[in-house]
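Chemist: no sequence on this one, just coordinates:
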């Protein structure tokens, strides 16, 4: 038996967010099934008690995230949900919600320590060679914040790849995309010394197959980055 969509009139505050949340819930819970055509904008606007503009924006956001697709002359349809779709939707959601760099780094602290642990166990000779190559790039461009930042992010992605877990790889790719816009600024603020020091030690721990050391060093590296950024922000605030 087909489930009936349960849509409730939304409150006046944060109308667009509420419209989007209700639409997303219908898709994720399977009320609106893959391949199914959605009701018209007019019908949805009546159900929720909002304008067609709010409806259109909610639908467009879900199209951008890959949950829905618009077929010219036919309407809007639900796409097949896959694990990759949910991971792909994480990046634009982070951008749209203006996620703080500090929040991303806090998440990265947990993720990167886990990736480092798996890399110790699973890294191949090719993985080690790639990490060494990136270390060479970091050393060569240590005075260029933009290039160093790119290599820094590449190093963490290479560790995730060495972990041989597709979820780590996918999420780290997303985190790289989120941080890429601000990473050069972080390098300008903090310099390249810590990155070179910690990445070298982390790589050596992976090569030595020392899991506990790799975890500790990765944790220290991310925590120190957060603490130094926080300290710099506090000094900036105090000087204003």
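Modeler: In hand now; what should we look at? As the structure is a prediction and not an experimental result, all values here were calculated from the model.

Chemist: For residue 229, see how far away residue 37 is.
Modeler: Distance, residue 37 to residue 229, by CB to CB, to the nearest Å: 48 Å. C-beta here means a position set from N, CA and C on the backbone, and glycine is covered the same way.

Chemist: The two - which one has more neighbours?
Modeler: A count of neighbours by other CB atoms under 10 Å puts residue 229 above the other of residue 37 and residue 229, at 17 against 12.

Chemist: Is that one part of a helix or strand, or is it coil?
Modeler: When classified by DSSP: H, G, I helix; E, B strand; the rest coil, residue 229 comes out as helix.

Chemist: okay but it is in contact with residue 104, surely?
Modeler: No. Applying CB atoms under 8 Å as the test, residue 229 and residue 104 come out as separate, 11.5 Å apart.

Chemist: Go through stretch 143-152 and flag the buried ones.
Modeler: In terms of neighbour count (16 or more other CB atoms under 10 Å), stretch 143-152 has its buried residues at 145, 147, 148, 149, 150, 151, 152.

Chemist: scratch that, stretch 46-59
Modeler: Those would be 47, 48, 50, 54, 55, 58, 59, for stretch 46-59 by 16+ other CB under 10 Å.

Chemist: Name the nearest of those relative to residue 22.
Modeler: residue 48 (7.0 Å; CB to CB).

Chemist: Distance check, the closest one against residue 64.
Modeler: Counting by CB to CB, the gap from residue 48 to residue 64 is 20 Å.

Chemist: lowest average confidence, helix or strand, in the protein?
Modeler: Sorting the helices and strands of the chain by mean pLDDT, DSSP states H and E puts helix 83-96 at the bottom, at a mean of 51.

Chemist: Tell me how far the following helix or strand past that helix lies from the chain's centre.
Modeler: Following helix 83-96 in sequence order, the next helix or strand is helix 101-122 (DSSP states H and E). Distance of helix 101-122 from its chain centroid, counting by CA atoms, centre = their mean, to the nearest Å, is 13 Å.

Chemist: so which helix or strand takes in residue 199?
Modeler: helix 193-207.

Chemist: what about that helix, average pLDDT?
Modeler: Mean per-residue pLDDT for helix 193-207: 97.

Chemist: and it, what does it pack onto?
Modeler: When contacts are defined as 3 or more CB pairs under 8 Å, 6 or more residues apart in numbering; DSSP states H and E, helix 193-207 packs onto helix 101-122, helix 125-140, helix 145-162, helix 211-239.

Chemist: hmm, try it at 6 Å
Modeler: helix 125-140, helix 211-239 (3 or more CB pairs under 6 Å, 6 or more residues apart in numbering; DSSP states H and E).

Chemist: what angle separates it from helix 101-122?
Modeler: 30 degrees (axes from the mean of the first three to the mean of the last three CA atoms, to 10 degrees).

Chemist: Next, count neighbours for residue 205.
Modeler: 21.

Chemist: got a list of what it touches?
Modeler: 213, 214, 217 (CB atoms under 6 Å, 6 or more residues apart in numbering).
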